[in-house]
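>>> Predicted model follows, preceded by the sequence.
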Amino acid sequence: MTAPNLSDDMTYDSENIFAKILRGEIPCNKVFEDVHALAFHDINPQAAVHVLVIPKGAYVSNEDFTANASDAEVAGFMRAVGQVARELGLAEPGYRILANHGTDSGQEVPHFHVHIFGGQNLGRMIKPLDK
Ligand code: 5GP
């Protein structure tokens, strides 16, 4: 999949894959849903546990979400991320959350989402810079 140039275009594409999942047009392996968020297993897991949490609202990325979502949406979403991790049994021994925004991050799906990784030792946070 080619990463869209989100830095140049923050217009929400209502035909993106996560919008279709939210509308129930394509299936997902759901693990959690409330008024603010939906969580489901990533189709191409990068860790023993790899779950995506998405807000119900139409936001392109963290940039759009934190600039334009209401306080209730932001708080509700972040509480959902924590609840999902707890329900997955990841609070202990631990987990990682990650959100990509824009071209340099390689964001593929232009609907804001937080990745939750866990179920194994995750190693270093990010590939070290070449010295
Ligand atoms: P990004 O690179 O945008 O941060 O992450 C997008 C994630 O969405 C990737 O990890 C990819 O595997 C996942 N993904 C893409 N299409 C689908 C899909 O149709 N269903 C599910 N469950 N995950 C998807």
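Noted; the coordinates are in hand. Numbering: from 1, shown residues only.
>>> Would you mind measuring from the nearest residue to D13 once chain neighbours are set aside to E15?
Nearest residue to D13, sequence neighbours excluded (C-beta to C-beta, 6 or more residues apart in numbering): P110, at 5.6 Å. Placement of C-beta: from N, CA and C, glycine included. Counting by C-beta to C-beta, to the nearest Å, the gap from P110 to E15 is 10 Å.
>>> got it, and A39?
22 Å.
>>> Next: C28.
Plainly put, C28 is 16 Å away from E15 if you go by C-beta to C-beta.
>>> neighbour count winner among the two?
The neighbour comparison of C28 against E15 (other C-beta atoms under 10 Å) goes to C28, with 19 against 9.
>>> Check whether the more buried one really touches L22, as I assumed.
No - counting by C-beta atoms under 8 Å, C28 does not reach L22; the two are 9.2 Å apart.
>>> close to the ligand, is the top helix by length along the chain?
Selection of the longest helix in the chain by residue count, based on DSSP state H, yields helix 71-87. No - applying C-beta under 6 Å from any ligand atom, one finds helix 71-87 separated from the ligand by no less than 14.0 Å.
>>> All set, thanks.
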